[in-house]
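In: Have a look at this fold, sequence not included:
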């Protein structure tokens, strides 16, 4: 161009010559010229690529985390985590479900999802129809089996009436733990069946029989238990309504390993008295009848055989909900070890002694199916429904992990806000 010094083209030529000379020197050193320059460029870019890749991984990890919202001082899961596609094993601890473990919790697992059982029940009834509904209804054999167990428990109390006195002998404590606690747990879970009106057709007959069956437990609990248990089914996980849930006070006080051991040792009495403090009920004529029958029973036993059988019944009731294999169902049923798996089933041998209460997802889906038909319910619904619900291989394993794993606490329960709190927002 006009006015540009003529030396410009010479400078440009010398610059190109210099670059060619440098490339030649690199080739002589084995560097490979442009290839070496490209490699250097890739090395220079590598940290930036790592940063970009790390950012992408972080984004993916963040996307995998459950969506949370904060309400009333708690973090709520917006959506229930689902098992991964193609799951073949829904066992809580060893399965390939892909649900994240719930560990080191400082608060309960608050969720905005509805409890899972009513929705699954509606779908299954619509899908399977009479295959499901034909399984519902009372079981006529229940009352006869219960009377035999009740007679054995009272008979063993009579047999140990002398052994129970003055602190009890080793024989007394061994029999109270092995047999007494087993019979007491069987009677309690029989009353669980009866509370669902599954021993007789008549609601009144079931109430009267439940009061009768509860006599060796010494506490007049059946009528209250029936009321609270119905709420546990209808409002599972609802704070202040479902009294199966531990309170914030209990969770803070007993979440350490020693605290959990203490709670479990005294669990019978936690379950007996927690509802009275959390959700007191009006005292009705049925409650009065329950108390009167209990007073008459205790008075008659003491009058006829002394205090020995009462000590036996008390020890049996205590051990039934304490450090006992059958008491593990209280932990395994609703404590959440992974995801939001708030109800877990168990299909092992201990169901023989517990009226198949291990079929707990099935029971919560269809509370009007009696113990004897729960395996058939699972079989009918297995392929499409119950192959995808969480379960435990071992009640004792679940109890052991709960007690001695410091990362599992009393906070490992799913909770929901009461409807009134939800509406207020």
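Out: Perfect, I can see it now. Nothing here was measured: the structure is a model prediction, and the numbers come from that model.
In: use CA for all of it now, contacts and neighbours both
Out: OK.
In: chain center to stretch 200-220, what's the gap?
Out: 28 Å (CA atoms, centre = their mean, to the nearest Å).
In: Ok, stretch 126-146 next?
Out: That offset, for stretch 126-146, works out to 25 Å (CA atoms, centre = their mean).
In: Mind listing residues that contact it?
Out: Residues from elsewhere that reach stretch 126-146 (CA atoms under 8 Å, 6 or more residues apart in numbering): 124-125, 187, 190, 197-201, 213, 366, 368-370, 372-373, 376-377, 380.
In: Now it: buried residues?
Out: In terms of neighbour count (16 or more other CA atoms under 10 Å), stretch 126-146 has its buried residues at 132, 135, 136, 137, 138, 139, 142, 143, 146.
In: in the stretch 301-425 of the chain, what spans have low per-residue confidence?
Out: The stretch 301-425 of the chain contains residues with pLDDT under 70 at 420-425.
In: Would you map the helices across it?
Out: 308-320, 329-334, 360-365, 374-381, 395-404, 419-424 (DSSP state H, counting those that start in this stretch).
In: Tell me which of those sits most buried.
Out: A comparison of the helices of the stretch 301-425 of the chain by mean neighbour count, using mean count of other CA atoms under 10 Å, puts helix 308-320 on top with a mean of 25.
In: what helices or strands is it leaning on?
Out: helix 142-159, helix 181-195, helix 267-278, helix 285-305 (3 or more CA pairs under 8 Å, 6 or more residues apart in numbering; DSSP states H and E).
In: how about 10 Å then?
Out: On a contact count with 3 or more CA pairs under 10 Å, 6 or more residues apart in numbering; DSSP states H and E, helix 308-320 meets helix 142-159, helix 170-175, helix 181-195, helix 257-265, helix 267-278, helix 285-305.
In: Can you tell me what sits against the second one?
Out: Meaning helix 170-175. 156-157, 159-165, 167, 176-177, 179-182, 311-312, 315-316, 319 (CA atoms under 10 Å, 6 or more residues apart in numbering).
In: hang on, the earlier thing: ChimeraX command to pick out the buried ones of the contacts of stretch 126-146?
Out: Burial among these is assessed by 16+ other CA under 10 Å; the matching ChimeraX selection reads:
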select :124,187,190,197,198,199,200,213,366,368,369,370,373,377,380
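In: hang on, the earlier thing: which of the contacts of helix 170-175 count as buried?
Out: 156-157, 159-165, 176-177, 179-182, 311-312, 315-316, 319.
In: what's the first-to-last distance across stretch 211-218?
Out: From its first residue to its last, stretch 211-218 covers 11 Å (CA to CA, to the nearest Å).
In: for the record, mean pLDDT for it?
Out: Per-residue pLDDT over stretch 211-218 has a mean of 97.
In: Can you mark which positions in it are buried?
Out: 211, 212, 213, 214, 215, 216, 217, 218.
In: so of those residues, which ones are in helices?
Out: 211, 212, 213 (DSSP state H).
In: contacting residues around the nearest residue to residue 118 once chain neighbours are set aside?
Out: Counting by CA to CA, 6 or more residues apart in numbering, residue 118 lies nearest to residue 365, which is 6.3 Å off, once chain neighbours are set aside. Taking CA under 10 Å, 6+ apart, we find residue 365 in contact with 116, 117, 118, 119, 120, 121, 122, 124, 233.
In: Of those, keep whichever come out buried.
Out: Of those, these count as buried by 16+ other CA under 10 Å: 116, 117, 121, 124, 233.
In: And the furthest pair within those residues?
Out: Largest separation among those by CA to CA: 124 and 233, giving 17.6 Å.
In: Rebuild the helices and strands packed on helix 308-320 as CSV, extending it with distance to residue 86.
Out: Supplementary listing: the helices and strands packed on helix 308-320 in CSV, determined by distance: least, CA to CA, whole Å:
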stretch, distance to residue 86
helix 142-159, 40
helix 170-175, 48
helix 181-195, 35
helix 257-265, 36
helix 267-278, 38
helix 285-305, 51
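In: These: which one's closest to residue 398?
Out: Closest of the helices and strands packed on helix 308-320 to residue 398 is helix 257-265, at 13.0 Å (criterion: CA to CA).
In: what's that closest one packed up against?
Out: Using 3+ CA pairs under 10 Å, 6+ apart as the contact definition, the elements that helix 257-265 packs against are helix 248-254, helix 267-278, helix 308-320, helix 395-404.
In: got the angle for it vs helix 308-320?
Out: 130 degrees (axes from the mean of the first three to the mean of the last three CA atoms, to 10 degrees).
In: in helix 257-265, what counts as buried?
Out: 257, 259, 260, 261, 263, 264, 265.
In: what's the last one in contact with, if anything?
Out: Okay, so that is residue 265. 259, 318, 319, 320, 321, 322, 323, 324, 327.
In: Okay, the nearest residue to the fourth one once chain neighbours are set aside and residue 89: tell me how far apart.
Out: Across the structure, with CA to CA, 6+ apart as the measure, the residue nearest residue 320 apart from its sequence neighbours is residue 181 (4.2 Å). Separation of residue 181 from residue 89 (CA to CA) stands at 33 Å.
In: if I look at residue 117, how far off is residue 342?
Out: 11 Å.
In: Surely residue 378 is in contact with residue 359?
Out: Yes - using CA atoms under 10 Å, residue 378 makes contact with residue 359 at a distance of 8.0 Å.
In: Quick one: distance of stretch 250-261 to the chain centre.
Out: Its chain's average C-alpha position is 17 Å from that of stretch 250-261, according to CA atoms, centre = their mean.
In: and it, how far apart are its ends?
Out: First-to-last residue span, stretch 250-261, CA to CA: 13 Å.
In: Report the rounded mean pLDDT for that stretch.
Out: Rounded mean pLDDT across stretch 250-261 is 97.
In: Please work out which residues outside it touch it.
Out: 104-108, 245, 247, 262-267, 270, 322-323, 402-412.
In: let's see 7 Å
Out: Stretch 250-261 has contacts (CA atoms under 7 Å, 6 or more residues apart in numbering) with 263, 403, 404, 406, 409, 410, 411.
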